[in-house]
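# what would the 3D arrangement of this be:
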Amino acid sequence: MQNAINSSRRGLQGAGKAALRTIYPPHCVTCDTPVADEGALCPSCWREMPFIDGFCCDACGLPLPGSDPGTPVHCDECLTLARPWEQGRAALLYGDKARKLLLGLKYYDRLDHVPAAARWMSRAARPILRPAMLVAPIPLHWTRFLKRRYNQAAELGRALGKLHGLEHCPDLLRRTRATGTQDGRGRLGRFTNVQDAFAPHPRHAPRIAGRDILLVDDVMTAGATFAAAAECCLAQGAASVRVVALARVARAE
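Take a look at the predicted model:
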């Protein structure tokens, strides 16, 4: 009997979704063009979306010229800056199309962007994932969280973890002070602004020791925020830290 009820419910839900799609057909993630599936890009936007494919910096995911030598290679920036994490990837190169997607996700409640963004991040991050990794987002300060009502990095991390069957802890870390925006700051200012700005959440601190951690954020510019969060995890005994961002800014000031 219960199986029949569950089957009936699934049928009704499917019919409801079909009716809703008829009234409100899915549109491209970054424009108003109708598409076949939710979270898809239209052909035009797909061609313009700056996906990072192929040979890239092993530490930050920045695309590199030339062919893959088969060994890890780092970009000039990652050769200059000491990265506390082991490997990093990004799905998109920051530009007009990526910027529109990120602004919608970050400031305009466009959580419908998350499934597509997580799939792109999944593809980019696959080479650096480890079994039983613990996925954690870069946290917002509580004042900003109250204003925004959600953490876009946590939404991306949750979806990414689900795609790979990895444990996700949305509040593994906490931001101990309101650091403000990184926009408009030079490289040194970015690192100074977030120095010692993260701490393990007291309730989850024991989960870090001995674990491989995957830190998730929407954008990587100079890598200062990732660096501060990675140092926090390593100080707590993490076995390793890797990072993934939805978009990578090509050059920091």
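
# quick one: residue 144 and residue 177 touch, right?
No: judged on C-beta atoms under 8 Å, residue 144 makes no contact with residue 177 at a distance of 11.4 Å. Where you see a C-beta, it was placed from the backbone N, CA and C, and this is true even at glycine.

# okay, these two: which has more neighbours?
residue 144 (15 against 12; other C-beta atoms under 10 Å).

# is the more buried one in a helix, a strand, or coil?
Following DSSP: H, G, I helix; E, B strand; the rest coil, residue 144 is assigned to helix.

# give me the pLDDT for it.
At residue 144, the pLDDT value in this model is 90.

# before we move on, what about residue 11?
Looking at residue 11, its pLDDT stands at 49.

# what do you get for residue 104?
The pLDDT attached to residue 104 in the predicted structure is 87.

# any idea how far it lies from residue 62?
24 Å (C-beta to C-beta, to the nearest Å).

# out of those two, which sits in the busier spot?
It is residue 62, of residue 104 and residue 62, that has more neighbours when counted by other C-beta under 10 Å, with 23 against 17.

# skip the chain neighbours and tell me the closest residue to that one.
Leaving aside its sequence neighbours, residue 62 sits nearest to residue 75 (C-beta to C-beta, 6 or more residues apart in numbering; 4.8 Å).

# do the same with residue 167
Counting by C-beta to C-beta, 6+ apart, residue 167 lies nearest to residue 134, which is 5.4 Å off, once chain neighbours are set aside.

# residues near that neighbour, how many?
Neighbour count for residue 134, taken as other C-beta under 10 Å: 21.

# ranges for the strands of the stretch 151-253 of the chain?
Along the stretch 151-253 of the chain, counting by DSSP state E, counting those that start in this stretch, strands occupy 167-168, 173-175, 198-200, 212-220, 240-248.

# need those strands in JSON lines (columns: distance to residue 96, mean neighbour count and mean pLDDT).
Below are the strands of the stretch 151-253 of the chain laid out as JSON lines (distance: least, C-beta to C-beta, whole Å; neighbours: other C-beta atoms under 10 Å; pLDDT from 0 to 100):
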{"stretch": "strand 167-168", "distance to residue 96": "31", "mean neighbour count": "17", "mean pLDDT": "98"}
{"stretch": "strand 173-175", "distance to residue 96": "29", "mean neighbour count": "22", "mean pLDDT": "96"}
{"stretch": "strand 198-200", "distance to residue 96": "31", "mean neighbour count": "20", "mean pLDDT": "97"}
{"stretch": "strand 212-220", "distance to residue 96": "14", "mean neighbour count": "24", "mean pLDDT": "97"}
{"stretch": "strand 240-248", "distance to residue 96": "12", "mean neighbour count": "26", "mean pLDDT": "97"}
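
# residue 68: which of those is closest?
Ranking these by proximity to residue 68 (C-beta to C-beta) places strand 240-248 first, at 17.6 Å.

# neighbouring strands of the closest one in the sheet, and parallel or not?
Sheet pairing for strand 240-248, assigned by DSSP bridges, gives strand 87-93 (parallel), strand 212-220 (parallel).

# with respect to residue 38, which of those strands lies nearest?
Between residue 38 and these, the tightest spacing by C-beta to C-beta is seen for strand 87-93, at 18.4 Å.

# nice, that's everything, thank you.
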